[in-house]
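Student: Have a look; sequence and predicted model below, questions after that.
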Amino acid sequence: METAISKLSVLKSRFGYDSFWGQQEAVIDNVLAGRNSLALMPTGGGKSLCYQLPALVLDGITLVISPLIALMKDQVDSLNANGIAARFINSSLPAPEIEDVQEQARRGRVKVLYAAPERLALPGFRRFLKDVDLSLIAIDEAHCISEWGHEFRPEYRNLRLLREDFPSTPVIALTATATERVRQDIIGQLDLQDGHVFLSSFDRPNLSYSVQHKRGSWEELTNLLEGREGPAIVYCFSRQETEDIAEYLNTRGLSARPYHAGLDRETRNRNQEDFVRDRVPIIVATIAFGMGINKPDIRLVAHYDLPKSLEAYYQETGRAGRDGMPSECVLFFAYSDKARQEYFINQMNDHQEQRNARQKLAKMLDYAQLATCRRSFLLEYFGERRTEEGCGGCDVCLEAREEFDATEIAQKILSAVIRTGERFGAGHVIQVLVGSREKRVLELGHDRLSVYGIAKGVGRPQLREIIGRLQARGLLAHGGGDYPTLAVSPEGRAFLQNRQTLTLPQPKTTEAGDAREAAPGSSAAEYDEKLFEELRALRKRLADDRDVPSFVIFSDASLRHMAAVLPQSLDEFSGVHGVGGAKLEQYGADFVDAIRKYAEANYTAAQREALATRKPLPDAPGTQKHEGPGRYRGATYDVTREILSRGLSIGEIALQRGLAETTIIAHIENIAGRGEPLDIRHLAPSAERLEEIEEAFNVCGSAFLKPVWEFLGDRFTYNEIRLARIYLRQEGKLPDLSV
C-alpha cells in the first residue's frame, strides 16, 4: 500500500498527472517489484514515465541508455523542470564536466543518469557505475539491439557487459517499433526470459494517415504546408534534396531549415535547435533526424520519398502528435521511388540481409498502394488486428466511393497474372493489360498473349488500386520468393471457374489522398483559441529566459486545458493537466495572472462570476484521466449530465459551468457516444428543421458535419446540426452512416 500511495503522489506532485495511462501502472508495478520488463508502447504513449517515476520511488540511481544526444538533453531538461535531479554523460561533454557529473552521482545528488551505449565499452565508465547504487537500468529504443530491426546499432551489443556487471539489477527495455521477431531478439540479447512483456496497442488514434501521388514537383508539398498551423517535419531521401526543398519552401514564404548528416555539426545543431525552440516551423530532413527529437507538438510528418520499411515509417510518423492532439502523416508516393531504395539494397554484400531488406521494401510498397484501411495494415504488420470496420482516420476510410461491377476487370487481371506465369509484380502485369510496348514486355513475348491490351481503356493507377483490392479480398496473393510477385489464390481460381460476380469501390480518378478528418476519439478539447495563443507567447518568453524548449515549460495539451477551463487561482491551476509541484511553484503565478487579465478583458461579469464560484475545476477532454488513447473519463461529464437533466439550454449550462457552448456539446456527444441514457429532446431543432437536417445527412451520404453544413447553407448553425446529429443517432435514424 505504501508503494501505491508513493507512486500516485509522485505522479501528481512531480509530473502533474492524476492517473496513469494504458499499461503504465502495470509496467511501473513490475519495475517496483524488482522484476525485468519489456514494454512496447506507441510513440507518445508514455514510455518515459515507466522508468522516470520508479526512479523517484526507488533508492539509488536509474541509468538510462539512450541512443542520441539531443534526446538525452531534452529528457534531462524536462526532468529538471519538474524538480528531478537528472544529468547525462555523452561525447558532447568535455572530460572535466563528465567527471563532475560522476562525482555528483557518487554523492547521491543524481536520480536519473542518461548515457550513450558507447560509454559501456569504456572500462572507466563501468568502474564508475560500480561506485554508485544502481537501482534500475532502462534501455530506451531497445529495438536498436536487434539486427532484425530497422535501426540496428552494433554499440547496443555493449549492453551484455552491463548485464554481466549488474546481474541482479532490474532492467526495463522500451520501444515503440518491434515485430514479433525483433521482440524475441531483444529478450534473447538482454537475457530477459524471466521478465514480463507488456504489449500495448500500437494504434495512435490521434494520427491520420494518407498517401498522395507525387508528380515530380514540389508544388503539392507546398500546398500541404501553406496555411498549416504547428510544426512540421518533411522527410527526404537524399541530403541534396533536403537542402533544395528547404530553399524552395523559403522562396514561397515558408520558413524551413535543412537537416542531414552532411552538414557541419554547428549548422546541424543550430537548425535543430531553431526547430525545437519554435523559431522555425518546418524542418526538411533525411532519416538522420527523428529519434533525437522530443518535441511533442509536431502536427505534420510528410514523407516526400518512400521509406525503406514500415518500421522506419512508423517510427518517423511517430514524431507527430506526441501530445495526443490530432496530427497528420502524409506519404508522397511515386512507384519510381522503389528504384532508389533497390539501388542501396543491391549494394549489400550479405544475401540474407538483401532478402530481408527486399521483403521490408515490398511491405512498404503494399502500404503505399493500399485500397483498404491503412491503419489496419500498419497494426497487422506489428501483430495487432483491428476488429472495427474502417478507422475513420486514413484517406481510404474517409473517402466514401460508389461501388461498381468489377467482375469483368477482375477476370482480366486474374487471367493476366495466370497467363504471365504468376512470377511478375503488379507493374509488369499492368504493362501487359494496357498493351505497353515496353522492352521487357516485348522480350518476353507477352505482347502475343491473349490478355495483352485487354484493359487499354483503364488507367494504370486505377488498375493498381483494383489489384490492391483483389489482394485484400484474397483473390490475389504473394507469389513467394524475395520479390513482390503476384499469384492467383485458390479463392481467385474459384472466382474464375465459377463465374462469380464482384463489386468494388470505384477507383480514384486521381492519386491524391488527403485525410483531413481526425481519427475517432482524437478530437481536441474545445478551448479559447485566442487565450491559447497568448499562453503560448507567455510560455515562449519563459522558455527563452531559461534557455530551454517551450515544451519543457508546459505542453500544448496543458495550455489547451488552461484555455478551456481558465483557472482563477493557484489552487485551481494545480489541477491543470501536467502541473506538478515544481511547475506550480515556478510558473503558476505568471500563468494565473495572464488568465485572469484575459478573462477581465474578454468575458462578461456573469461569466467571470461563474468561473470564480465553480467547483471543482473541470477536466479538459483528452487530457486527463486516460483509459487509453483517445478515450477519456471524468467528473466534468457527470456535472454536465446532471445540469442537462434539469432541462436547461446549452447557453445556460455553459454559463453555469463557465465553459464554452461548444465544450458542453462535446460533453453531450461523449456521453451519448458511450451509450449512456440521455434526454436531449428539449435541445433538438423543431420537427421541420430536424427533418431537413436528416435529409441532408442522407443526401451527403456521410455523418460528418462539414459537408452537411455546407449543403444546408447559413440557415443552420454548426451547433444546431451537431445537436441534431446526436438526437438522430439516439433515435436510430442515422444507422448506415459512418463518421
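Tutor: That came through, no problem.
Student: what is the mean pLDDT for stretch 167-180?
Tutor: Regarding stretch 167-180, the rounded mean pLDDT is 85.
Student: now that stretch: how far from the chain's centre is it?
Tutor: 21 Å (CA atoms, centre = their mean, to the nearest Å).
Student: One more: stretch 457-471?
Tutor: 29 Å.
Student: in that stretch, what's buried?
Tutor: 458-471 (16 or more other CB atoms under 10 Å). All C-beta atoms are positioned from the backbone trio N, CA, C, and that covers glycine.
Student: now swap in stretch 413-425 and tell me
Tutor: Neighbour count says stretch 413-425 has Ile413, Leu414, Ser415, Ala416, Val417, Ile418, Thr420, Glu422, Phe424, Gly425 buried, by 16+ other CB under 10 Å.
Student: What of stretch 596-611?
Tutor: Arg596, Tyr598, Ala599, Tyr603, Gln607, Arg608, Ala610, Leu611.
Student: For it, give the distance from the opening residue to the closing one.
Tutor: Start-to-end span of stretch 596-611 (CA to CA, to the nearest Å) is 10 Å.
Student: what's the pLDDT at Arg729?
Tutor: Looking at Arg729, its pLDDT is 82.
Student: likewise Phe289?
Tutor: 57.
Student: With the one 3 residues further on instead?
Tutor: Gly292 carries a pLDDT score of 53 in this model.
Student: repeat for Gly701
Tutor: Gly701 is assigned 66 on the pLDDT scale.
Student: average model confidence for stretch 196-212?
Tutor: The average pLDDT for stretch 196-212 rounds to 85.
Student: got the end-to-end distance for it?
Tutor: First-to-last distance for stretch 196-212 - CA to CA - comes to 41 Å.
Student: That stretch: which residues count as buried?
Tutor: So stretch 196-212, judged by 16+ other CB under 10 Å, has buried residues 196, 198-212.
Student: Just the ones of those residues in strands?
Tutor: His196, Phe198, Leu199, Leu207, Ser208, Tyr209, Ser210, Val211, Gln212 (DSSP state E).
Student: Could you report the neighbour count for Tyr343?
Tutor: For Tyr343, the count of nearby residues is 9 (other CB atoms under 10 Å).
Student: So it lies in a helix, does it not?
Tutor: Yes. The assignment for Tyr343 is a helix, going by DSSP: H, G, I helix; E, B strand; the rest coil.
Student: can you redo the ones in strands among the buried residues of stretch 196-212 as a markdown table with distance to Arg160?
Tutor: Converted to a markdown table, those look like this (distance: CB to CB, whole Å):
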| residue | distance to Arg160 |
| --- | --- |
| His196 | 21 |
| Phe198 | 23 |
| Leu199 | 24 |
| Leu207 | 36 |
| Ser208 | 41 |
| Tyr209 | 38 |
| Ser210 | 42 |
| Val211 | 41 |
| Gln212 | 44 |
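Student: Tell me the residue in this protein that is farthest from the middle.
Tutor: Relative to the centre of the chain, the most outlying C-alpha is that of Arg448, 49.0 Å out, by CA atoms, centre = their mean.
Student: so what's that residue scoring on pLDDT?
Tutor: With respect to pLDDT, Arg448 scores 93.
Student: any idea how far the closest residue to Arg375 other than its chain neighbours is from Arg107?
Tutor: Leaving aside its chain neighbours, Arg375 sits nearest to Cys391 (4.0 Å; criterion: CB to CB, 6 or more residues apart in numbering). Between Cys391 and Arg107 the distance is 52 Å, computed by CB to CB, to the nearest Å.
Student: Those two: who's more crowded?
Tutor: Remark: of Cys391 and Arg107, Cys391 carries more neighbours, 23 against 9, as counted by other CB under 10 Å.
Student: is it true that Leu611 touches Glu572?
Tutor: No. With contact defined as CB atoms under 8 Å, Leu611 does not count as touching Glu572 (9.1 Å).
Student: Identify the farthest-apart pair in the buried residues of stretch 596-611.
Tutor: Tyr598 and Ala610 (15.5 Å; CB to CB).
Student: The top helix by length along the chain - contacts with which helices or strands?
Tutor: Assignment by DSSP state H gives helix 581-602 as the longest helix of the chain. Helix 581-602 is packed against helix 2-15, helix 69-81, helix 529-546, helix 570-573, helix 605-613, with contacts defined by 3 or more CB pairs under 8 Å, 6 or more residues apart in numbering; DSSP states H and E.
Student: ok, the ones in strands among the buried residues of stretch 196-212 vs Ser327, which is closest?
Tutor: Nearest member of those to Ser327, counting by CB to CB, is Leu207, at 5.7 Å.
Student: wait, doesn't the closest one sit right on Ala320?
Tutor: Yes. At 5.8 Å, Leu207 counts as touching Ala320 under the criterion of CB under 8 Å.
Student: Do a quick rundown of the helices in the stretch 401-550 of the chain.
Tutor: 407-419, 426-433, 439-443, 460-472, 490-497, 529-546, 550-553 (DSSP state H, counting those that start in this stretch).
Student: how about those, which one is nearest Asp74?
Tutor: helix 550-553 (7.6 Å).
Student: other SSEs contacting that closest one?
Tutor: Short answer (3+ CB pairs under 8 Å, 6+ apart): helix 550-553 packs on helix 69-81, helix 529-546.
Student: Pick the most deeply packed of the ones you listed.
Tutor: helix 69-81 (a mean of 20; mean count of other CB atoms under 10 Å).
Student: CA-only coordinates of whichever helix or strand comes after that helix, as PDB, when you get a sec.
Tutor: Next along the chain after helix 69-81, taking DSSP states H and E as the criterion, comes strand 86-89. Presented in PDB, the C-alpha positions along strand 86-89 are these (Å, rounded to 0.1, in the frame of the first residue of the first chain):
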ATOM      1  CA  ALA A  86      18.900  14.400 -13.800                       C
ATOM      2  CA  ARG A  87      22.100  14.500 -15.800                       C
ATOM      3  CA  PHE A  88      23.600  13.000 -18.900                       C
ATOM      4  CA  ILE A  89      27.000  11.700 -20.000                       C
END
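Student: Alright, calling it a day.
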